[in-house]
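Student: I'll drop the sequence and a predicted model, then ask my questions.
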Amino acid sequence: MRCVVLQPSYIPWRGYFDQIRRADVFVFYDDVQYDVRGWRNRNRIKTERGPRWLSIPVLSKGTRLDRTPIRDIAICWDRDWARRHLSSLRHSYGGAPHFAQFAPELTPLYENRPRMLAEFTIELSIRLAGILGVTDTRFLRSSEIDRPEARRTDDLLAILERVGATHYLTGPAARSYLDEESLSRRGIAVEYMAYDYPLYPQLYPPFDPHVSVLDLLFMTGPAAAEYIWGTDARR
């Protein structure tokens, strides 16, 4: 049984959804510390003036955000960021071939004015995975998995053992820090992703592979999955 453990992110890139599809169980790692300048609350889209960040403002509540679990990060509603994000997407992708088809499926999630960041980004990622045709993956949150307090590899091991994983799938960057031997001793094999995706039509050349999956979805529509995992239905 193949498992992926990844922090929840805002409208991630296509490699994130490739991991979701390949996993039997996908665990949103929501009880680790929030990384302030990471991908938890922001991502990039293409615009006619170049790449642009869409960032969700969060509340600090007088505490250091980098010492706060992702699950406890609340969204700041002092300004209507959701309306602005939807407006930015409409302005940048309104002319894309499939914007009118898929934008209405996402709009209600923004209009619900979500309170917690993880609640929103997880629900949005699951919705996008479904749109891309991923139906067999089981989703969990690490905060729902009972396990002893531990750090780094030991905590990962505890999660993998609790869900019954036999294979752990992760990105290539993990080679530099992952203790593969510890996983192997527990009977868990490690598999690394190879991110090698084809180009697809984009607005506003040149091609930029490091943007949200929304760029791919709005441009290629029902064919989006072919630009992630191809036409092969196997995992």
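Tutor: Now that the structure is in, tell me what you want to look at.
Student: And the most far-flung residue of the chain relative to its centre, how close does it get to E149?
Tutor: Most distant residue from the mean C-alpha position of the chain: R185, 29.4 Å away (Cα atoms, centre = their mean). With the distance defined as Cβ to Cβ, to the nearest Å, R185 ends up 21 Å from E149. For glycine as for every other residue, the C-beta is placed from the backbone atoms N, C-alpha and C.
Student: do R186 as well
Tutor: R186 is 18 Å from E149, by Cβ to Cβ.
Student: Between those two, tell me which one has more neighbours.
Tutor: R186 (13 against 7; other Cβ atoms under 10 Å).
Student: Low-confidence bits of this protein, can you list those?
Tutor: 61-63, 232-235 (pLDDT under 70).
Student: where do the helices sit along it?
Tutor: Along the chain, the segments classed as helices by DSSP state H run 14-22, 81-93, 99-111, 117-131, 152-163, 180-185, 213-220.
Student: okay if I get those as JSON lines plus distance to E226?
Tutor: Output for these, formatted as JSON lines (distance: least, Cβ to Cβ, whole Å):
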{"stretch": "helix 14-22", "distance to E226": "11"}
{"stretch": "helix 81-93", "distance to E226": "19"}
{"stretch": "helix 99-111", "distance to E226": "16"}
{"stretch": "helix 117-131", "distance to E226": "14"}
{"stretch": "helix 152-163", "distance to E226": "30"}
{"stretch": "helix 180-185", "distance to E226": "32"}
{"stretch": "helix 213-220", "distance to E226": "8"}
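Student: Indicate which one of the ones you listed is closest to S143.
Tutor: Of all the helices of the chain, helix 117-131 sits nearest to S143, with 8.5 Å by Cβ to Cβ.
Student: roughly how far is the closest one from the heart of the chain?
Tutor: How far helix 117-131 lies from its chain's middle: 8 Å, per Cα atoms, centre = their mean, to the nearest Å.
Student: how about that helix: buried residues?
Tutor: 117-122, 124-126, 128-129, 131 (16 or more other Cβ atoms under 10 Å).
Student: helices and strands around that helix, which ones?
Tutor: helix 14-22, strand 25-28, helix 99-111, strand 138-141, helix 213-220 (3 or more Cβ pairs under 8 Å, 6 or more residues apart in numbering; DSSP states H and E).
Student: So V32 sits against Q7, correct?
Tutor: Yes: the pair V32 and Q7 passes the contact test of Cβ atoms under 8 Å, sitting 6.6 Å apart.
Student: Need the residues touching each of those two.
Tutor: I70 (Cβ atoms under 8 Å, 6 or more residues apart in numbering).
Student: In contact with W39, which residues are there?
Tutor: Applying Cβ under 8 Å, 6+ apart, the residues near W39 are 7, 9-10, 12.
Student: Check the residues you listed and tell me the two furthest apart.
Tutor: Top of the distance list for the contacts of W39 (Cβ to Cβ): Q7 and Y10, 10.7 Å.
Student: between these two, what contacts are shared?
Tutor: Joint contacts of Q7 and Y10 (Cβ under 8 Å, 6+ apart) are 39-40.
Student: quick revisit: could I get the buried residues of helix 117-131 in a markdown table, plus columns for distance to L140?
Tutor: Conversion of the buried residues of helix 117-131 to a markdown table gives the following (distance: Cβ to Cβ, whole Å):
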| residue | distance to L140 |
| --- | --- |
| L117 | 18 |
| A118 | 13 |
| E119 | 14 |
| F120 | 17 |
| T121 | 15 |
| I122 | 10 |
| L124 | 17 |
| S125 | 13 |
| I126 | 11 |
| L128 | 18 |
| A129 | 14 |
| I131 | 21 |
